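1. Here is my input; please provide its structure:
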Amino acid sequence: MEAAGKFVEDDTLREALKERGIGTPATRAAIIETLLRRNYIRREKKQLHCTDMGRCLIALIQDPLLKSPEMTGEWEEKLKQIERSQLEPHDFMASIADYIRTLIQPNAGGQANSTHWGSCPLCGSEVIKGKRAYGCSGWQDGCAYVLEPECKGVALSPKQVQLLLHHHILPQPIRINDEPRMLILSTLGMPMDLRLPSADRQKKVAAPERPAGKK
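-> Take a look at the predicted model:
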């Protein structure tokens, strides 16, 4: 979280994050503990790993800004402008309110656009349908992305493929080996099946991995 700036391309935003990262040391600790408590991540020795519940949450969030350090960098920069009396606080809060309205307005996120299959997760070009699979239209430029319409022997309908490419998650679980599974796209655009999120199950899985305390 302290090195979040290295993932930001904009020079001004990167500089805004360079000094403070995402949050302060105190708030970062609180954020991590909240994620652990809600079972979005788990501890394994000195490392933090995302749980299935955390992966589902990331896939469900449609607005890419909410999942990127750019927004934090932009807000940090505006806070600095407020400190220098270059920006009015109420203007900053008004911009946040406007952004929130766009997220919660009716049909925000909406349904998959029926006019195209979706964008390539690797390069952003349009995805096209081939004879047996779906691939990136930028293949002539070197993009080799291909999405097979099946996952572990379960055939995916064209509508399911379209939803995956648009939203990176299927709204309804599919059955694999007679068990309901959530289907999402990884960051590389490959289908991943996850067990349905369960806070109770996450706690049971995480409990044995925690070192026993000294008496």
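2. In the protein, which strand is the longest?
-> strand 179-185 (DSSP state E).
3. What are the buried residues along it?
-> Neighbour counts over strand 179-185 (16 or more other C-beta atoms under 10 Å) mark Arg181, Met182, Leu183, Ile184, Leu185 as buried. Backbone N, C-alpha and C define where each C-beta goes, glycine included.
4. Give me the nearest residue to the last one, chain neighbours excluded.
-> Just to be clear, that refers to Leu185. With sequence-adjacent residues excluded and distances taken as C-beta to C-beta, 6 or more residues apart in numbering, Leu185 is closest to His168, at 4.4 Å.
5. Give me the neighbour count for the one you found.
-> Residues lying near His168 (other C-beta atoms under 10 Å) number 21.
6. Just read off the phi/psi values of it.
-> In terms of degrees, to the nearest 10, the main-chain angles of His168 are phi 60, psi 20.
7. That one touches Met182, doesn't it?
-> No - with contact defined as C-beta atoms under 8 Å, His168 does not count as touching Met182 (11.3 Å).
8. contact partners of the longest strand of the chain?
-> Residues outside strand 179-185 that contact it (C-beta atoms under 8 Å, 6 or more residues apart in numbering): 52, 55-56, 59, 121, 151, 160, 164-165, 168-170, 173-175, 191-197.
9. now stretch 47-66, how far from the centre of its chain.
-> Centroid separation for stretch 47-66 versus its chain: 4 Å, with C-alpha atoms, centre = their mean, to the nearest Å.
10. Identify each buried residue in that stretch, please.
-> In stretch 47-66, counting by 16+ other C-beta under 10 Å, buried: Thr51, Asp52, Met53, Gly54, Arg55, Cys56, Leu57, Ile58, Ala59.
11. In helices, which of the residues you listed fall?
-> Counting by DSSP state H, the part of the buried residues of stretch 47-66 found in helices is Asp52, Met53, Gly54, Arg55, Cys56, Leu57, Ile58, Ala59.
12. buried residues in stretch 150-160?
-> In stretch 150-160, counting by 16+ other C-beta under 10 Å, buried: Cys151, Val154, Leu156, Gln160.
13. Tabulate these (a markdown table), appending pLDDT and secondary structure.
-> Below are the buried residues of stretch 150-160 laid out as a markdown table (pLDDT from 0 to 100; DSSP: H, G, I helix; E, B strand; the rest coil):
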| residue | pLDDT | secondary structure |
| --- | --- | --- |
| Cys151 | 91 | strand |
| Val154 | 92 | strand |
| Leu156 | 94 | coil |
| Gln160 | 92 | helix |
